[in-house]
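Participant: the following block contains a protein sequence and its predicted model.
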Amino acid sequence: MNENYLLLNELKDVLNDSEVKNNQDLTNVLIPFKIKLERDEEYNLICTKLSNAITLYLVTNRFKAPKSVLNLYNNISNVACKYRGFPSFINWF
């Protein structure tokens, strides 16, 4: 299966979580990434930007978020770290 498809399904599950549905700010953070995945945009870039968006949400909300969002973050963080690190590696050499 395609990585975008798997992430899209996971993101849909997160958006269907009752805690997320009741939190309009969090829903507004996640919906644009669902749209990007539906448009089949670049997976690594989406993971990186989604990771940044969740981090910003956590910082502005006293590090509190539904468990489904934290699980999503954990699932994409490795991809995001690799994507951020690759340009850094190139700059060194």
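Facilitator: Looks like it arrived, so ask away.

Participant: residue 82 versus the nearest residue to residue 17 once chain neighbours are set aside, what's the distance?
Facilitator: Leaving out its chain neighbours, the residue that sits closest to residue 17 by Cβ to Cβ, 6 or more residues apart in numbering is residue 68, at 4.4 Å. For the C-beta atoms, the positions are set from N, CA and C on the backbone; glycine is no exception. Separation of residue 68 from residue 82 (Cβ to Cβ, to the nearest Å): 23 Å.

Participant: ok, those two, which is more surrounded?
Facilitator: Counted by other Cβ atoms under 10 Å, residue 68 and residue 82 do not tie: residue 68 has more neighbours, with 18 against 13.

Participant: how many neighbouring residues does residue 64 have?
Facilitator: Using other Cβ under 10 Å: residue 64 sits among 9 other residues.

Participant: which residues touch residue 58?
Facilitator: 64-65 (Cβ atoms under 8 Å, 6 or more residues apart in numbering).

Participant: please list all residues in contact with the residue sitting nearest the centre point of the chain.
Facilitator: Centroid-nearest residue in the chain: residue 50, 3.1 Å away (criterion: Cα atoms, centre = their mean). Taking Cβ under 8 Å, 6+ apart as the contact definition, residue 50 lies against 30, 33, 72, 76, 80.

Participant: swap in residue 3?
Facilitator: residue 43.

Participant: try it again at 10 Å.
Facilitator: 37, 43-44, 46-47, 79 (Cβ atoms under 10 Å, 6 or more residues apart in numbering).

Participant: in helices, which of those fall?
Facilitator: Using DSSP state H, the subset of the contacts of residue 3 located in helices is 37, 43-44, 46-47, 79.

Participant: poorly predicted segments of the chain, please.
Facilitator: 1, 83-93 (pLDDT under 70).
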